[in-house]
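*Asks:* whatever this is, show me its structure:
(one chain, ligands or ions: 2)
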Amino acid sequence: MLTKREELFGGTPDEYLSHKEKYENSTRKAVILFSLLRKIQEENNTDLTNYRNLLSGVLGASISQDGSPFGLHYIMFMPVFMSQADEEQQERWLHRALNCSIIGSYAQTELGHGTFIRGLETTATYDPSTQEFVLHSPTLTSYKWWPGGLGNTANYCIVIAQLYSKGECHGIHSFIVQVRDEDTHMPLPGIKVGEIGVKMGLNAVNNGFIGFENVRIPRTNMLMKHAKILEDGTYVKSKNSKLIYGAMVFVRVVIVFDSVNYLAKAITVATRYSAVRRQSQLKEGEPERQILDYVTQQDKILTAIAGCFAMKMNARMLWDTFNVINDQLHKGNMERLGELHALACCLKAISTSDSSLFTARCRVSCGGHGYMVSSTLPATSALTTASCTYEGDNTVLLLQTARFLLKTWRQIDTGPLTPTVEYLKTVSAPGFSYKWENSIEGIIRGFQIVSMKKISSCLNLMTAKVMSGMSQADAWNTISIQLVSAGESHCRAIVISTFHEDMSKAMRSMSASLAEVMGQLVELYAVYWTLERLGDLLEYTSISGADVVKLRSWYEELLRKIRPNAVGLVDAFDIIDELLQSTLGAYDGRVYERLMEEALKSPLNAEPVNQSFHKYLKPFMQGKL
Ligand SMILES: CC/C=C\C/C=C\C/C=C\C/C=C/C(=O)SCCNC(=O)CCNC(=O)[C@H](O)C(C)(C)COP(=O)(O)OP(=O)(O)OC[C@H]1O[C@@H](n2cnc3c(N)ncnc32)[C@H](O)[C@@H]1OP(=O)(O)O
Ligand SMILES: Cc1cc2nc3c(=O)[nH]c(=O)nc-3n(C[C@H](O)[C@H](O)[C@H](O)COP(=O)(O)OP(=O)(O)OC[C@H]3O[C@@H](n4cnc5c(N)ncnc54)[C@H](O)[C@@H]3O)c2cc1C
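*Replies:* Numbers count the residues shown, from 1 in each chain. Ligands and ions are numbered 1, 2, ... in the order given. You can find the predicted model right below:
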């Protein structure tokens, strides 16, 4: 009788399964894992705050690097329900979603549209004679494409469609749609549903497609917490049209936590392997050195560790900010919605692009063995690059942040600013002066000045171009590279200052030795990004060549100081071997034995001579083909 652990983590490695077997195996594992999670849910309430803890359990414990067919049910279907369904609808469906007696997905993206959601083509046309909506996919490009779990798993999904009533289009709204029979799991009439095929990664997520041929759903299947359709087809608009976007903000907040989890896995593997792997002699005649002794290796890995800690603290700040503003939204106070959207956009973009960058570095820092699937670094790399796209392409999201920053800058003199942009007032105040200094505070100030000056420059450029006769849209597009850069600079300033401030608070309750190491991580992160963004700092601050020389020495000194604690820092993530699933990162450091153990599981090692020798090779080598 297999234990739960053996059921979850044993069996043929996924890499040797077919696409179909991989899905079936991940569904088997998901059922085991989510049965356990369901027990947790039964003990806790399910409001958003508690829900995120549950969600981090889902994501952090995702037992396959390939994701889970239930991921979307927890990540989007339920949060969207909690934020957009009215009380009657929550009463009708939420408990069934919570106990997984229905499995949902979130169908927004179409073959033809992902970013531009106002351009979505799926229609939901209200028929007052039957008090139903008619869901229809008018074109191939209107087919929903990507929804996780939709291929073969979900029997319900939330569909985002253009709402038509009394001949008028009211824009995109959310609808809950049953897609498969609850008993037979057969697609319901008028529904064409399937799986989109093999992807670069996340191949257990079961991403699907769905098309509707005049499918009728009751009026009460429109999620009506905000906007409504009355029985006669009268449209009652939402207090704020942007509230329909709310779920995407929540998921972007989750993704920042997620990017930390993925990066923590990658740096645990790369750091432990770099402590085990010995290669080359630093001095003639000496034994081969741990590759973690090479400063170039420290440059790749220790900065990733600092980045992981930095983003973890920023994820917590974002979550706290989300809760504060979400409470205000529930009370009808929309004042900070734009700020929350901008913050979620830039932190999702920066956390995922950093996670993708540093994970790729971890992969190459492990040499050839880092290219083995059994190291899990390739899968984590595929995961992190996907996160730069899903829930909003990073470029598009940074442009959203830039849009908010320009709007803020236009109003800079009209009153107080909201917390995340207050610094813009400080560093642009009359009489404010700043001379570069090589300190954490000096670096933070420098990044804030760069951000302010980029935003100001973008607005001046926009204004000049429009004054010269260019349209607002063309002017925006022309300077969009600089707009993205302004969004990134704003975010980097926030990340460094949050890391410094929140870590300083945390250090007060630490032992002196731990506080020293944490302080070194903050310094390493700040100095690393200073050296990475020297162009901006030279353009907008008084930093000098001499300062840069000292910064480089400071950086190298920090690498030297942190090196002895590298393994301890990643052990602190406490990721069990079963979740790490890595031949290179296992706690016992038996890298070579594990590599060989995994290799022998290859089906190609089942017999000494593969059948292709007799069928192909031998006749070929004997000139008979
Ligand atoms: C399964 C894997 C396992 C684990 C991984 C974990 C998580 C993975 C999660 C799920 C898988 C993926 C799911 C998805 O990808 S779901 C689909 C996500 N799609 C998107 O994010 C689409 C991105 N596009 C947009 O959000 C909008 O099209 C965009 C904002 C780019 C433009 O919209 P629109 O044209 O309406 O905006 P603008 O004209 O630029 O501005 C209008 C106005 O609205 C404000 N706004 C826009 N978005 C929001 C928002 N989300 N919240 C609040 N406000 C918003 C914007 O600021 C403007 O305001 P103003 O300046 O005041 O006019
Ligand atoms: C693994 C994965 C899971 C997903 N899961 C889901 C899901 O469950 N449900 C769901 O609904 N969707 C899902 N998606 C879809 C995802 O939301 C979209 O892929 C994403 O929103 C990007 O849209 P797109 O793919 O159409 O890219 P596009 O928008 O076509 O972007 C392509 C390029 O065009 C650029 N671009 C587009 N618009 C602009 C602009 N205005 N300004 C400047 N540049 C622009 C982008 O920067 C990008 O470089 C998933 C995607 C992936 C990869």
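*Asks:* residue ranges with poor pLDDT in this structure?
*Replies:* 2-12, 45-64 (pLDDT under 70).
*Asks:* where do the strands sit along the chain?
*Replies:* Along the chain, counting by DSSP state E, strands occupy 104-107, 123-127, 132-136, 144-145, 156-165, 168-178, 191-195, 208-212, 215-218, 228-229, 235-236.
*Asks:* please identify the deepest-packed of these.
*Replies:* Compared across the strands of the chain, strand 104-107 shows the largest average neighbour count, a mean of 31 (mean count of other CB atoms under 10 Å). For the C-beta atoms, the positions are set from N, CA and C on the backbone; glycine is no exception.
*Asks:* can you list contacts of it?
*Replies:* Residues outside strand 104-107 that contact it (CB atoms under 8 Å, 6 or more residues apart in numbering): 72-73, 76-78, 80-81, 97, 144, 147-150, 153-154, 156-160, 176, 208, 210, 247.
*Asks:* thought Glu556 was touching Val295?
*Replies:* Yes: Glu556 is within contact range of Val295, at 6.7 Å (criterion: CB atoms under 8 Å).
*Asks:* quick one: the strands of the chain as CSV, columns for distance to His19 too.
*Replies:* What follows is the strands of the chain, written out as CSV (distance: least, CB to CB, whole Å):
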stretch, distance to His19
strand 104-107, 19
strand 123-127, 33
strand 132-136, 29
strand 144-145, 17
strand 156-165, 22
strand 168-178, 26
strand 191-195, 9
strand 208-212, 14
strand 215-218, 28
strand 228-229, 41
strand 235-236, 44
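*Asks:* so what's Val31 up against?
*Replies:* Taking CB under 8 Å, 6+ apart as the test, Val31 contacts no residue whatsoever.
*Asks:* circling back to that earlier point, and Thr530, which of the strands of the chain is closest to it?
*Replies:* Of all the strands of the chain, strand 104-107 sits nearest to Thr530, with 39.6 Å by CB to CB.
*Asks:* which residues of the stretch 201-350 of the chain lie near ligand 2?
*Replies:* Leu202, Asn207 (CB under 6 Å from any ligand atom).
*Asks:* which single residue of the stretch 201-350 of the chain approaches ligand 1 most closely?
*Replies:* Closest contact between the stretch 201-350 of the chain and ligand 1, by CB to the nearest ligand atom, is at Tyr245 (3.1 Å).
*Asks:* list the contacts of the closest residue to that residue other than its chain neighbours.
*Replies:* In this structure, Tyr245 finds its nearest non-sequential neighbour in His341, 7.3 Å apart by CB to CB, 6 or more residues apart in numbering. Listed by CB under 8 Å, 6+ apart, the contact set of His341 reads Lys242, Tyr245, Val249, Gln400, Phe404.
*Asks:* the last one touches Leu337, doesn't it?
*Replies:* No: checked against CB under 8 Å, the pair Phe404 and Leu337 is beyond contact range at 10.3 Å.
*Asks:* more neighbours: the two, which one.
*Replies:* Just comparing Phe404 and Leu337: by other CB atoms under 10 Å the higher neighbour count belongs to Phe404, 22 against 19.
*Asks:* residues in contact with that one?
*Replies:* Gly338, Glu339, His341, Ala342.
*Asks:* count of residues packed around the last one?
*Replies:* Read that as Ala342. Neighbour count of Ala342, defined by other CB under 10 Å: 26.
*Asks:* so what's it closest to, chain neighbours aside?
*Replies:* Among residues not flanking Ala342 along the chain, Phe404 sits closest, at 3.6 Å (CB to CB, 6+ apart).
*Asks:* and the one you found, how far from Gly332?
*Replies:* The gap separating Phe404 from Gly332 is 21 Å, by CB to CB, to the nearest Å.
*Asks:* state the distance from Gln108 to Lys465.
*Replies:* According to CB to CB, Gln108 and Lys465 sit 33 Å apart.
*Asks:* the two: which is more packed in?
*Replies:* Gln108 (23 against 17).
*Asks:* need the contact list for the more buried one.
*Replies:* Counting by CB under 8 Å, 6+ apart, Gln108 has contacts Ile117, Leu120, Lys144, Pro147, Ile160.
*Asks:* mind putting those in CSV, distance to Ala546 included?
*Replies:* Shown next, in CSV, are these (distance: CB to CB, whole Å):
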residue, distance to Ala546
Ile117, 50
Leu120, 55
Lys144, 58
Pro147, 55
Ile160, 55
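*Asks:* between those, which sits nearest Gly519?
*Replies:* For the contacts of Gln108, the nearest to Gly519 is Ile117 (43.6 Å; CB to CB).
*Asks:* show me what residue of this structure gets nearest to ligand 2.
*Replies:* Relative to ligand 2, the nearest point of the chain is Gly114 (2.1 Å; CB to the nearest ligand atom).
*Asks:* so which bits of stretch 82-91 are buried?
*Replies:* Buried residues in stretch 82-91, counted by 16 or more other CB atoms under 10 Å: Met82, Ser83, Gln84, Ala85, Gln89, Gln90.
*Asks:* what separation do you get for the first one and Gln89?
*Replies:* This points to Met82. Distance from Met82 to Gln89, counting by CB to CB: 11 Å.
*Asks:* near ligand 1, which residues of the protein show up?
*Replies:* Selection of the chain residues close to ligand 1 by CB under 6 Å from any ligand atom yields 59, 67, 71-72, 75-76, 106, 108-109, 115-118, 148, 202, 205, 242, 245, 248-249, 251, 254-255, 258, 337-338, 341, 390-392, 396, 400, 403, 407.
*Asks:* among those residues, name the buried ones.
*Replies:* For the residues of the chain next to ligand 1, buried by 16+ other CB under 10 Å: 59, 67, 71-72, 75-76, 106, 108-109, 117, 148, 202, 205, 248-249, 251, 254-255, 258, 337-338, 341, 390-392, 400, 403.
*Asks:* what lies in contact with stretch 350-358?
*Replies:* Against stretch 350-358 from outside (CB under 8 Å, 6+ apart): 255-256, 259-260, 262-263, 266-267, 303-304, 307-308, 311, 314-315, 381, 384-385, 387-388, 394, 488, 491-492, 495.
*Asks:* follow-up on the earlier one: the buried ones among the residues of the chain next to ligand 1 in helices, which ones?
*Replies:* The helices, defined by DSSP state H, take in 59, 71-72, 248-249, 251, 254-255, 258, 337-338, 341, 400, 403 from these.
*Asks:* since we're on the residue of the chain closest to ligand 2, how many residues are nearby?
*Replies:* Neighbours of Gly114 under the rule other CB under 10 Å: 18.
*Asks:* was I right about it contacting Lys144?
*Replies:* No: applying CB under 8 Å, one finds Gly114 not in contact with Lys144, separated by 10.8 Å.
*Asks:* out of the strands of the chain, which is closest to Gly431?
*Replies:* Gly431 lies closest, by CB to CB, to one member of these: strand 168-178, at 46.9 Å.
*Asks:* would you mind getting the angle between the closest one and strand 123-127?
*Replies:* Put simply, strand 168-178 runs at 100 degrees to strand 123-127, going by axes from the mean of the first three to the mean of the last three CA atoms, to 10 degrees.
*Asks:* nearest residue to Gly148 other than its sequence neighbours?
*Replies:* Nearest to Gly148 is Leu72, by CB to CB, 6+ apart, at 3.4 Å.
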